[in-house]
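**Student:** sharing a model prediction with you, sequence too.
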Amino acid sequence: MIFELLKQRRRRRLRARPFPKEWLTLVQRHVVFFRKLPASDRAELLGHIQVFLAEKRFEGCGGFAITDEVCVTIAAQACLLLLHRETGYFPGLLTILVYPLTYMVQEDHQVDQHVWEEGTVSRLGETGRRMGSLVLSWGGVKHGAADPSDGKNVVLHEFAHQLDFENHAADGMPGLATREQQLAWSEVMGTEFASLRAADETGIPTLLDTYGATDPAEFFAVSVEAFFEQPRALRARHPKLYAELQKYFRQDPVEYSAEHAEW
Ligand SMILES: [Zn+2]
């Protein structure tokens with residue numbers, strides 16, 4: 001309890017600290033949505049970034065050197081997921097590992113129903129419930145930040161997984177306060193997940209990345225990417241899914257998204 005109070009006090013102090021000018025320049029340069037946020041959200045985001053950078057450790061991998069540019073660009077996008085909410089700042093996450101470009105992992109993947117192939121695949125990012133860490137490629141981070149409306153953002157994706165883990169399961173459901181909210185969430189997500197799976201199997205084009213058909217956890221992560229990057233399209237084509245995410249995140253990205261207004 002005392003520890004929790006001290007932590008809250010430390011975080012309040014961090015949020016109130018003046019935001020370094022050089023960092024602000026980096027946010028403005030690399031994070032397109034920042035300029036479109038209302039002033040109060042911008043201030044809140046900068047506060048969260050200060051806490052995030054004070055509490056998380058960054059480590060360069062594969063010869064990659066961590067710079068302020070790397071930390072600030074990742075933190076700014078991750079902290080977008082925290083606006084307007086009570087937050088523990090991704091409590092299970094201690095370290096962010098950053099590779100220069102894509103990195104290779106050993107992975108078995110299924111070729112068809114009975115055939116599994118062992119091999120190396122390239123990845124832009126990953127995280128796991130018991131990892132305490134999150135892996136990103138700097139190439140992927142920059143690419144995701146530079147085009148804020150293609151529905152692809154590896155930082156939003158991986159940090160969405162971290163939110164999912166907050167209720168101690170990788171089940172596509174983040175921490176929700178009441179049983180009622182959990183039921184509403186399960187109903188909407190269950191239906192939307194099933195329809196993405198069906199579309200994937202029949203080859204119908206979808207707004208959501210069909211990687212989300214893998215399982216409910218990936219469905220949530222992919223939905224979060226679409227929510228922030230293609231909110232108009234998502235709201236038009238999946239109104240219930242949009243409404244559920246809007247309730248959880250307590251924000252309406254339609255208001256500040258860089259998405260073209262064709263929807
Ligand atoms: Zn994922």
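**Tutor:** Sure, I can see it.

**Student:** and the helix or strand where Asp164 lies, anywhere near the ion?
**Tutor:** Asp164 is part of helix 154-165 when elements are defined by DSSP states H and E. No - Helix 154-165 lies apart from the ion when judged by C-beta under 5 Å from the ion; the minimum separation is 5.6 Å. Quick note: C-beta positions are derived from backbone N, CA and C, even for glycine.

**Student:** tally of neighbours for the residue in the chain positioned nearest to the ion?
**Tutor:** Residue of the chain nearest the ion, by C-beta to the ion: Ala221 (4.4 Å). Other residues near Ala221 come to 25 when the count uses other C-beta atoms under 10 Å.

**Student:** can you measure across stretch 144-155, start residue to end residue?
**Tutor:** Start-to-end span of stretch 144-155 (C-alpha to C-alpha, to the nearest Å) is 8 Å.

**Student:** where's the closest residue in space to Gly212 that isn't next to it in sequence relative to Phe34, distance?
**Tutor:** If the residues on either side of it in the chain are set aside, Gly212 comes closest to Val222, at 3.3 Å by C-beta to C-beta, 6 or more residues apart in numbering. Separation of Val222 from Phe34 (C-beta to C-beta, to the nearest Å): 23 Å.

**Student:** ok, the two, which is more surrounded?
**Tutor:** Val222 (24 against 21).

**Student:** interface residues of the protein facing the ion?
**Tutor:** So far as C-beta under 5 Å from the ion goes, the chain lies against the ion at 218, 221.

**Student:** just give me the longest helix of the chain.
**Tutor:** In the chain, taking DSSP state H as the definition, the longest helix is helix 179-202.

**Student:** now do the helix or strand that it is followed by: distance to the chain's middle.
**Tutor:** Using DSSP H and E, the next helix or strand after helix 179-202 towards the C-terminus is helix 216-229. Computed by C-alpha atoms, centre = their mean, to the nearest Å, the separation of helix 216-229 from the middle of its chain amounts to 8 Å.

**Student:** which strands and helices sit next to helix 216-229?
**Tutor:** helix 154-165, helix 179-202, helix 231-237, helix 239-249 (3 or more C-beta pairs under 8 Å, 6 or more residues apart in numbering; DSSP states H and E).

**Student:** wait, what's in contact with the residue nearest to the spatial centre of the chain?
**Tutor:** Centroid check for the chain by C-alpha atoms, centre = their mean gives Leu156 as the closest residue, at 2.1 Å. Residues in contact with Leu156 (C-beta atoms under 8 Å, 6 or more residues apart in numbering) are 77-78, 80-81, 144, 224-225, 228-229.

**Student:** alright, that wraps it up for me.
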